[in-house]
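Visitor: Build the 3D model from these lines:
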Amino acid sequence: MRAEAVVFIGKNKATFQEVEVPEPGPRDVVVQTKYSWISTGTERSYLRGERVDGETPVREGTQPPFPIVPGYQKTGIVQWVGDCVNDIKPGEWVFAATSKINLGPAKMGGHVSLAVTPMESIWKIPKGDDPIAISGLVLVQVGYNCATRPPVQRGDMAAVIGDGLVGQWAAQVLVHRGAKVILVGRHDSRLQRFKVADAIAINEGKEDPVSKIRDVIGSRGIAVLVDTVGSVQTMESLHPLMRHNGHMVSAGFCGTRGLIDIQMLRKGELTLHCPSGWERERMDRTLELITGGVIDTMSLITHHFPAREAERAWDLILNRREEFLGVILEWK
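Guide: Down below sits the predicted model:
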C-alpha cells in the first residue's frame, strides 16, 4: 500500500513524500491519520543525526538511521481491522502509536497518512473528547512517568528542569499528586503557560535557580528533582539542595554526556530513576488524566501545520524562527 509521510532523508533534511506501508495482518489496525503531534525534542535530535534509536546516541563508527519516518503518536479514524481485533471497529476515532513502514532500518514511524498499527498500540478515544488533545498521548505519558516514579507526600517540594512539553506535563502531574512545584526553564513564553496555583516558575537565563530555589524551600529541601532536558550539570548544581532520602528522575536525552557521580548520590541516600518508553498501563492512566481534565494539553499547542507543509514545521523547530511549544500536523 502507498501512503504519504514525513521523512528525514539525511541530517537536517526533512521532506514530505510517498512511502510504502505493508499489507496489514490479523492483529493490525489501519488508521487514516487526522492529527499527529511532533515530539520536538526527540525528533529534532533524530534530524540532527544525534541518535541511532530512542535511547542510543550516535558515536564514532555508528550511523544515523536515515531514511526514517519520525514520530510515534497520532489520532485518526479506523479504516480496517484484522480478524484478531475484537474491540475496535471501522469509523471509530483512535490514538495510534508507532506504525509499520517499509522504509529505512527502523521500519516504523509516526507521521504517516495511512497507519498500519499493531492493535497493542491502539487506544480508543472516548466519545466527546477532542482527538487533538490526545494526539500527543505517548509524550504526555513520558511526563506522567517522570512524575509518578518517585513517592510524593502532600506539600513535598519538587523541582522540574525544563519548560518543554515533558517538563510541563511532569509538573502538572506532580501538582496533582500534592507536591509544591518549581519549574525551571529558559523561555518566558513557555514558563507563563505553567498556570498552576502556588507553583513557581524560574527562568534560569535571568536568575540563578540555586539561589532562588534555596530561598523558596528554606530548610525543607527538594524531595523530588526531575530533569527533562538531559542537563546533568543542572542536576548536579541542585544536588546540594536535595533532602535526605530524596529522589532524582532523569528523562532527558543526555547523548554522550550522561555521566553522573554515584558517590555524590550516596551521601544523601538519594534514589535515581531513569524512566524510558511507554507501557500500556501508564498510557491508560495518562489517557484518563487527559480526559478527566487533570492534564492539560490544548493550552500548550502553539502551532498547526498542514502535513504537506512539514518542511515549514521543521524549519521552525530546527532554526527556532519564533517561540513554539506544541506543534501539530493536520492531515487531509
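
Visitor: do you know how far Thr62 is from Glu50?
Guide: 11 Å (C-beta to C-beta, to the nearest Å). C-beta coordinates here come from the backbone N, C-alpha and C atoms, glycine included.

Visitor: At which residues are the strands of the stretch 151-300 of the chain located?
Guide: 157-161, 180-185, 200-203, 222-227, 242-250, 271-273 (DSSP state E, counting those that start in this stretch).

Visitor: Let me have these in CSV, extended by mean pLDDT.
Guide: Shown next, in CSV, are the strands of the stretch 151-300 of the chain (pLDDT from 0 to 100):
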stretch, mean pLDDT
strand 157-161, 98
strand 180-185, 97
strand 200-203, 95
strand 222-227, 98
strand 242-250, 97
strand 271-273, 97
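
Visitor: what helix or strand does the closest residue in space to Gln17 that isn't next to it in sequence sit in?
Guide: Closest residue to Gln17 apart from its sequence neighbours, by C-beta to C-beta, 6 or more residues apart in numbering: Val7 at 5.5 Å. Val7 is part of strand 2-10 when elements are defined by DSSP states H and E.

Visitor: Show me the contact partners of that strand.
Guide: 14-21, 46-47, 66-71, 101, 103, 109, 111-115, 307-308, 310, 329 (C-beta atoms under 8 Å, 6 or more residues apart in numbering).

Visitor: Which of these fall in helices?
Guide: 46-47, 310 (DSSP state H).

Visitor: Same list (these) but as CSV, adding neighbour count, distance to Val175 and pLDDT.
Guide: Converted to CSV, these look like this (neighbours: other C-beta atoms under 10 Å; distance: C-beta to C-beta, whole Å; pLDDT from 0 to 100):
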residue, neighbour count, distance to Val175, pLDDT
Tyr46, 24, 31, 94
Leu47, 22, 33, 95
Ala310, 24, 34, 95
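
Visitor: quick one: which of these is nearest to Ile125?
Guide: Distance ranking of these against Ile125, using C-beta to C-beta, places Ala310 first at 23.5 Å.

Visitor: Met283 - how many residues pack around it?
Guide: For Met283, the neighbour count with other C-beta atoms under 10 Å is 20.

Visitor: Surely it touches Leu139?
Guide: No. The criterion here is C-beta atoms under 8 Å, and Met283 misses it with Leu139 at 11.1 Å.

Visitor: and of the ones in helices among the contacts of strand 2-10, the nearest to Ala159?
Guide: For the ones in helices among the contacts of strand 2-10, the nearest to Ala159 is Tyr46 (28.5 Å; C-beta to C-beta).

Visitor: who's the nearest residue to Ile217 once chain neighbours are set aside bridged to?
Guide: Nearest non-adjacent residue to Ile217, counting by C-beta to C-beta, 6+ apart: Met157, 4.9 Å away. Assessed by DSSP bridges, Met157 has beta-bridge partners Lys180.

Visitor: I'd say Met157 and Asp198 touch.
Guide: No. Using C-beta under 8 Å, Met157 is not in contact with Asp198; the gap is 11.4 Å.

Visitor: which one of these two has more residues nearby?
Guide: Neighbour tally, Met157 and Asp198, criterion other C-beta under 10 Å: the higher count belongs to Met157, 23 against 7.

Visitor: which ones are touching the more buried one?
Guide: Counted by C-beta under 8 Å, 6+ apart, Met157 has contacts 179-180, 182, 216-217, 220-224, 243.

Visitor: hang on, Ile317 is in a helix, isn't it?
Guide: Yes. Judged by DSSP: H, G, I helix; E, B strand; the rest coil, Ile317 forms part of a helix.

Visitor: And it, what's its pLDDT?
Guide: Ile317 carries a pLDDT value of 95.

Visitor: isn't it right up against Thr42?
Guide: No. Contact criterion C-beta under 8 Å: Ile317 and Thr42 do not qualify, at 11.2 Å.

Visitor: Show the contacting residues for the residue lying closest to His303 once chain neighbours are set aside.
Guide: Residue nearest to His303 in three dimensions, not counting chain neighbours: Val327, with 4.7 Å by C-beta to C-beta, 6+ apart. Residues near Val327 by C-beta under 8 Å, 6+ apart: 37-38, 40, 301-305, 313, 316-317.

Visitor: If I look at Val327, what pLDDT would I see?
Guide: Reading off the model, Val327 has pLDDT 98.

Visitor: a helix runs through it, doesn't it?
Guide: No. If the criterion is three-state DSSP, then Val327 is strand and not within a helix.

Visitor: And the residue most central in space within the chain, how far from Thr40?
Guide: Computing the C-alpha centroid of the chain and ranking residues by C-alpha atoms, centre = their mean puts Leu139 first, at 2.9 Å. Counting by C-beta to C-beta, the gap from Leu139 to Thr40 is 9 Å.

Visitor: any residues in contact with both of these two?
Guide: Leu165.

Visitor: strand partners of the lengthiest strand in the chain, parallel vs antiparallel please.
Guide: For the chain, the strand reaching the highest residue count under DSSP state E is reported as strand 28-38. If you go by DSSP bridges, strand 28-38 pairs up with strand 74-81 (antiparallel), strand 114-118 (antiparallel), strand 326-330 (antiparallel).
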